[in-house]
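In: sequence unknown, structure follows:
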């Protein structure tokens, strides 16, 4: 099938839909209005089935003219809150188009991708594709990445998953993972005039953190070094101006590499802290209530992943993007995305979308209108590669 960028009235209609999504706040757990807009759009297109699951994910399905693979498009509906609204030059929920950009919270992360996926999926002629296309507009990605998509994957077994995120129109084929580690140090309280009578838990924590800093962490040619970053430390009691603290608590965020398992990471930490009495650690837990009232509870460990270079889907998709006039450059994401949920199940997984990652979660978030149009083109090219005759 011929793949060309939308022009004229068709392009204008698509951009208007993208603006509609950007105008809806839809923070994590508050995506109902976004889901309603997505549902209305999908019902106006030739999807065979449009439904909302127990979590609030909108799932739209199209069947092709013949049997074939199953492709799952995933785009999250939630955005992060607007902070420092007074610093924005453009209304964060105005979806204003100025200076060649569409401005607003979620424009890059990831309403432009979500709109492009829906438009590409709904615009396919049934006679032009085989197999099955599932469009999943998912909830709660920002707070419990991968959890909502995982629920979709419990009911759908795709051959390929494409997650919409700002990749600057590059094809994401690998990604760092993410984890949260909590450290607790236990000491013994004493008056500050006689500190030797106690055991300072903050000192103990500082020793533990020094050991963790000295760990040899693996590195990757494309993704860089595995990371463990201290983000929070507090004494117990706090505030405290009179006694040697009997407790200290710290939070660390890890950025893991493909192949690093939960047990490997915890084993490395355990080895580093060997022999330290009164220091304990555990993986974080995440909990998020969806707009339907369902509660998601997951361990805060999102694995890194990489598609093997010889992956047949990767070869097809990259060639299709290049044939459509897009760069076809490969991208290695330094942060977590929903794609971990599918990659950990052994499914060929990709990330793609318009916009720069550096725009996500920022004041005056925006994405070039031209890139929004090229993103939609890219999603159609991906579908042609995976489902075309």
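Out: Arrived safely. Small disclaimer: the values here were computed from a predicted structure and weren't measured.

In: What separation do you get for the most centrally placed residue in the chain and residue 40?
Out: The residue lying closest to the centre of the chain (C-alpha atoms, centre = their mean) is residue 337, at 2.5 Å. Counting by C-beta to C-beta, to the nearest Å, the gap from residue 337 to residue 40 is 26 Å. For the C-beta atoms, the positions are set from N, CA and C on the backbone; glycine is no exception.

In: What's opposite residue 281 in the beta bridge?
Out: According to DSSP bridges, the residues that bridge with residue 281 are residue 183.

In: quick one: contacts for residue 294?
Out: Taking C-beta atoms under 8 Å, 6 or more residues apart in numbering, we find residue 294 in contact with 54-56.

In: Of those residues, which is the most crowded?
Out: residue 56 (23 neighbours; other C-beta atoms under 10 Å).

In: do you know how far that one is from residue 41?
Out: If you measure residue 56 against residue 41 using C-beta to C-beta, the figure is 16 Å.

In: burial count for residue 379?
Out: By other C-beta under 10 Å, 27 other residues sit near residue 379.

In: Surely it is in contact with residue 74?
Out: No: contact between residue 379 and residue 74 fails when scored by C-beta atoms under 8 Å: they sit 11.7 Å apart.

In: which residues are common contacts for these two?
Out: Counting by C-beta under 8 Å, 6+ apart, the contacts common to residue 379 and residue 74 are 162, 164.

In: you'd agree the residue nearest to the centre of the chain is up against residue 142?
Out: No: checked against C-beta under 8 Å, the pair residue 337 and residue 142 is beyond contact range at 10.9 Å.

In: Next one: the nearest residue to residue 79 once chain neighbours are set aside from residue 86, what distance?
Out: Here the nearest residue to residue 79 in space, its sequence neighbours aside, is residue 106; by C-beta to C-beta, 6 or more residues apart in numbering that works out to 3.7 Å. Shown here: residue 106 relative to residue 86, a distance of 19 Å by C-beta to C-beta.

In: the more surrounded of these two?
Out: A count of neighbours by other C-beta under 10 Å puts residue 106 above the other of residue 106 and residue 86, at 31 against 5.

In: Please name the residues that touch the more buried one.
Out: By C-beta under 8 Å, 6+ apart, the contact set of residue 106 is 21-22, 26, 79, 365.

In: so what's residue 96 up against?
Out: 90, 102-104.

In: What about these, which are in strands?
Out: Secondary-structure check on the contacts of residue 96 using DSSP state E: residues within strands are 102-103.

In: any idea which of the contacts of residue 96 is closest to residue 232?
Out: Minimum separation from residue 232 among the contacts of residue 96 (C-beta to C-beta) is found for residue 104, which lies at 30.6 Å.

In: That closest one against residue 367, yeah?
Out: No: judged on C-beta under 8 Å, residue 104 makes no contact with residue 367 at a distance of 9.3 Å.
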